[in-house]
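J.: Compute the structure for the input listed below.
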Amino acid sequence: MADAFPAEDQGGPLLLYTDLAFVEERPKNLDRNQNRKHDRSNSNAEIVGEACDSDGGGRPGGDSRLVRAVARSPFVFRERGIGTAVSLNAEFFGDVSWPRMVCFVPGVCESAETWTVQHLARICASKEWRLAVLEPEGHGLSGGVPRGLLRPGKWERYVGQVTAFCGHALEVDRMQKERQQQQQQQQQQQRQREQEPTEETYKLPRTRFVLAGASMGGALAAYASQRILEDSAACSKQPRTDRPLAQPAAAVAAEQHASFVGTLLLSPAVGVDPSVVPPALLVAALSVLSWLAPGVGLEGVTPTEDPSHYDCPASTKRNYAGPWPLGTSKLLLDATTVFVPGDVREGSLNLPLAAAAAGAALPHATLVVSGVKDPVVPIGAVREFVEHTNSHAAKRGCLGPGIGLAEIENGDHSLLAPQKQKHSKGQLNATKKKTLATTTGHVEAFLERCGAAEGSS
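T.: Numbering: from 1, shown residues only. Next comes the predicted model:
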């Protein structure tokens, strides 16, 4: 169990409008004309491989500028009764009035300033979905040291952070919508005083949300989705009068379980190629070291992160670079070789069954999108994850559609951040462009499916 609180004020979420993702701060020593020139130079970065058709605020346009965050909201995560508190950063994109939201969790070493997030923000804007992005502990603007460190043995802590993030994102969205509605009412009252014709007050609908994640963020999103659905089932069985009157933000997602319409997993870390796992003796030695010195990275022993191909903008310093900390390597190895495969085999990680038990008012869809040529998470491991999950659900009498799998031909691990080829002058080749376009199409279709399910309910 975990609690989530606003970073500085427990009276409500804190909204900040500085240090936003994809927004470079204006130098203070420039005059007005220089500022305008600076703005133009910082807003003309193009989407990799094709022009971006959204403007700085995330609305359809055509000026090739990056989609920018409109606000960010830090919140404090604390495991109930144990562990230390940490401030986590969440970035928000899109118009407040949009009634749907994607809550996204990046992969290891990544922040909200990546090409994956930029492409996802563009997709969401085109479909009028808001986007909220969590920067995990030790990543981006979130707290936690050393940078890039995920501690071994803390898997449940990080799952709890994703669950808390969903509740926090819904709370921020609700507060923003209430403020917008209050402004509309004040404008109506002003028109009435001026004896102008007025329209009926527009009641903003409840926000529906999809939880998405990439790579290890995808694995965390799967577990967090299961937890939200299980909490939903528990809440639905508990008499309303017996529930606490004041719920922490982490419980909002469970209380509003009818809002949870889908889970989207992009190249989720659900397995690993056995050939890349070190010998057992070396794994044992590294495991001991990961507990003694979790924040230490060893060049040539742990993976080395080079974020240059997914940094967006190129000047960002939010993404981790260098040898992975031992703790991060150990946690990811445990997740891909022990936690996920074992829980899927045992049936304790099964989203179709959890959705059926929750009895949500809206259908819950789950889609996995993975590259056939992914060198990090083999497509065979992804197929096994999907097949075992659906088979176990069917044996338990689940009549739902199960988890869907979209395989991207020639796709690698970074489906929404395809790596440019050397000597390409910043352009993607035809294969990379097709991979990006195909992945984008699957994500767009999934959001349309979730929206259609909402409309038919």
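J.: now the stretch 351-457 of the chain, which segments are flagged as low pLDDT?
T.: Within the stretch 351-457 of the chain, the stretches with pLDDT under 70 are 360-362, 420-427, 454-457.
J.: For the residue nearest the centre of the chain, give me phi and psi.
T.: The centroid of the chain falls nearest to Phe104 when counting by Cα atoms, centre = their mean (1.2 Å). When quoted as degrees, to the nearest 10, the phi and psi of Phe104 stand at phi -120, psi 140.
J.: contacting residues for it?
T.: If you count contacts by Cβ atoms under 8 Å, 6 or more residues apart in numbering, Phe104 has them with 117, 120, 131-134, 212-214, 217. Using the backbone N, CA and C atoms, a C-beta is placed for each residue, glycine as well.
J.: so where do the helices sit in the stretch 1-150 of the chain?
T.: 32-42, 115-126 (DSSP state H, counting those that start in this stretch).
J.: How about the longest helix seen in the chain, which residues are buried there?
T.: In the chain, assigned by DSSP state H, the helix with the most residues is helix 155-193. Within helix 155-193, the residues scored as buried using 16 or more other Cβ atoms under 10 Å are 155, 157-174, 176-177, 181, 188.
J.: and what of stretch 102-112?
T.: The neighbour-count check on stretch 102-112 (16+ other Cβ under 10 Å) flags 102-112 as buried.
J.: picking that back up, quick check: the gap between the residue nearest to the centre of the chain and Val145.
T.: 24 Å (Cβ to Cβ, to the nearest Å).
J.: Equivalent analysis for Leu367, please.
T.: Leu367 is 35 Å from Val145, by Cβ to Cβ.
J.: More neighbours: which of those two?
T.: More neighbours surround Leu367 than the other of Leu367 and Val145, with 22 against 10 (other Cβ atoms under 10 Å).
J.: about what we covered before: among the contacts of Phe104, which lie within strands?
T.: 131-134, 212-214 (DSSP state E).
J.: In CSV: the residues you listed, plus pLDDT, neighbour count and distance to Pro74.
T.: Converted to CSV, the ones in strands among the contacts of Phe104 look like this (pLDDT from 0 to 100; neighbours: other Cβ atoms under 10 Å; distance: Cβ to Cβ, whole Å):
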residue, pLDDT, neighbour count, distance to Pro74
Leu131, 98, 27, 17
Ala132, 98, 27, 13
Val133, 99, 31, 13
Leu134, 98, 30, 11
Ala212, 98, 27, 21
Gly213, 98, 28, 20
Ala214, 98, 30, 22
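J.: just to revisit the earlier point, what mean pLDDT does the longest helix of the chain have?
T.: The predicted model gives helix 155-193 an average pLDDT of 87.
J.: Same question for stretch 103-110.
T.: In this model, stretch 103-110 has a mean pLDDT of 97.
J.: cool, stretch 228-237 as well?
T.: The pLDDT scores in stretch 228-237 average 75.
J.: Likewise for stretch 267-280?
T.: Stretch 267-280 shows a mean pLDDT of 88.
J.: Likewise for stretch 21-30?
T.: 63.
J.: circling back to that earlier point, lowest average pLDDT across the helices of the stretch 1-150 of the chain?
T.: Least confident of the helices of the stretch 1-150 of the chain, judged by mean pLDDT, is helix 32-42 with a mean of 39.
J.: dump the residue contacts of Leu15.
T.: Counted by Cβ under 8 Å, 6+ apart, Leu15 has contacts 71-73, 172, 176.
J.: measure Lys373 to Gly397 for me?
T.: Going from Lys373 to Gly397 by Cβ to Cβ gives 37 Å.
J.: Between these two, point out the one with more neighbours.
T.: Set Lys373 next to Gly397 and count neighbours by other Cβ under 10 Å: Lys373 wins out with 15 against 8.
J.: Isn't that one up against Leu415?
T.: No. Using Cβ atoms under 8 Å, Lys373 is not in contact with Leu415, being 10.9 Å away.
J.: Arg130: what's it in contact with?
T.: 92-96, 98, 100-102, 124, 173, 207.
J.: List just the nearest of the residues you listed to Leu266.
T.: Val102 (11.4 Å; Cβ to Cβ).
J.: Run a quick check on the closest one versus Ala132, I expect a contact.
T.: Yes. With contact defined as Cβ under 8 Å, Val102 counts as touching Ala132 (7.2 Å).
J.: Is Ala335 in a helix, a strand, or coil?
T.: Secondary structure state of Ala335, per DSSP: H, G, I helix; E, B strand; the rest coil, is helix.
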